[in-house]
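A.B. asks: Okay, sequence plus prediction incoming.
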Amino acid sequence: MGFLDNLSKGFSDFTNSTIQKGKDVANVAKYSRMISDEEKSMTRVFEQIGKEYFAAHSEDFEEEFAELIGSIKEAQARIEEYKEAIKELQGITKCEQCGADVPSGSAFCPECGARVRVEKEPEDISEEAPRRLFCMECGAMIIPGSKFCTTCGHKVEDPLTQEELPPEGPEKENEEDHDEDAQV
C-alpha cells in the first residue's frame with residue numbers, strides 16, 4: 001500500500017498547490033483592482049486641486065504653471081466660440097437689454113421681458129430669384145408655367161404682364177355683368 005499512499009499524497013499535494021496558486025492569482029487580481037481604484041481616486045482629487053487652483057490663481061499664478069494655464073484659457077476661448085456657433089445655427093440671439101439668450105421667433109426676452117427687435121433678412125431681388133406671380137382674378141399664387149389659376153380657373157395672362165403682388169382683393173363684378181361676358 002505504500003505506493004498508493006505515496007501516489008495519493010502526491011496528488012493531494014499537487015491539488016493543494018494548485019488551489020493555493022489559484023488563490024494567490026485571485027488575491028493578486030483583487031489587490032491590483034484595489035490599487036487601480038485608489039489611483040483613480042487620486043486622479044479625481046488631483047483634477048479637483050487643479051480646478052480649484054485655476055479658479056483661485058488664473059491671473060496670479062506661479063511661472064511654472066504659465067503654459068498649463070495658458071492652454072486652459074485657450075481651450076475655454078475655443079469652447080465659447082463653438083457654443084456661439086451652435087447658437088447662431090439655432091437662431092439664438094442676445095437680448096439688447098440684459099444679454100440673455102433669446103430663442104429664434106421670440107417677440108420678447110425670456111429673462112427681462114424686453115421686446116426683441118426682429119431683423120428681416122433682405123429679400124433676394126437678383127435676376128436668379130424666381131418671381132412670384134398672382135392671379136388677377138382671385139389673388140392666389142400662380143404656379144410657374146401654369147396657363148390657368150389652380151384656385152379659380154381664371155386664364156393666366158402673359159406672365160410678363162402678370163402682377164407680381166397679389167391684388168388688394170378681386171373686384172367683384174355684379175352677376176349681370178359676369179353673365180353678359182359669358183354669353184358674348
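C.D. replies: Yep, that arrived. Here the structure is a predicted model, which means the values were calculated and not measured.

A.B. asks: hey, which helix is longest across the protein?
C.D. replies: Assignment by DSSP state H gives helix 2-57 as the longest helix of the chain.

A.B. asks: And that one, how far out from the chain middle?
C.D. replies: Centre-to-centre, helix 2-57 and its host chain are 45 Å apart (C-alpha atoms, centre = their mean, to the nearest Å).

A.B. asks: in the helix or strand following it, what counts as buried?
C.D. replies: Next along the chain after helix 2-57, taking DSSP states H and E as the criterion, comes helix 66-90. By neighbour count on 16 or more other C-beta atoms under 10 Å, the buried set for helix 66-90 is 69, 87. In short, each C-beta sits where N, CA and C put it, glycine included.

A.B. asks: Can you report how many residues lie near Lys155?
C.D. replies: 11 (other C-beta atoms under 10 Å).

A.B. asks: contacting residues for the residue lying closest to it once chain neighbours are set aside?
C.D. replies: Leaving out its chain neighbours, the residue that sits closest to Lys155 by C-beta to C-beta, 6 or more residues apart in numbering is Phe148, at 5.8 Å. Neighbour list for Phe148: 154-156 [criterion: C-beta atoms under 8 Å, 6 or more residues apart in numbering].

A.B. asks: Lys73: which of these is nearest?
C.D. replies: Distance to Lys73 across those (C-beta to C-beta) is lowest for Val156, with 64.2 Å.

A.B. asks: hang on, that closest one packs against Cys138?
C.D. replies: No. Taking C-beta atoms under 8 Å as the definition, Val156 is not a contact partner of Cys138, at 11.6 Å.

A.B. asks: which of those two has more neighbours?
C.D. replies: Neighbour comparison, Val156 and Cys138: the larger count goes to Val156, with 18 against 15 (by other C-beta under 10 Å).

A.B. asks: contacting residues for that one?
C.D. replies: Contacts of Val156 by C-beta under 8 Å, 6+ apart are 133, 135, 142, 146-149, 162.

A.B. asks: Which ones among those residues map onto strands?
C.D. replies: Mapping the contacts of Val156 onto strands (DSSP state E) picks out 133, 142.

A.B. asks: Give the PyMOL command for selecting the buried subset of the contacts of Val156.
C.D. replies: Entered in PyMOL, the line below selects the buried ones among the contacts of Val156, by 16+ other C-beta under 10 Å:
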select buried, resi 133+135+142+149
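
A.B. asks: Nearest residue to the middle of the chain?
C.D. replies: In the chain, the residue lying closest to the centroid (C-alpha atoms, centre = their mean) is Ile86, at 6.2 Å.
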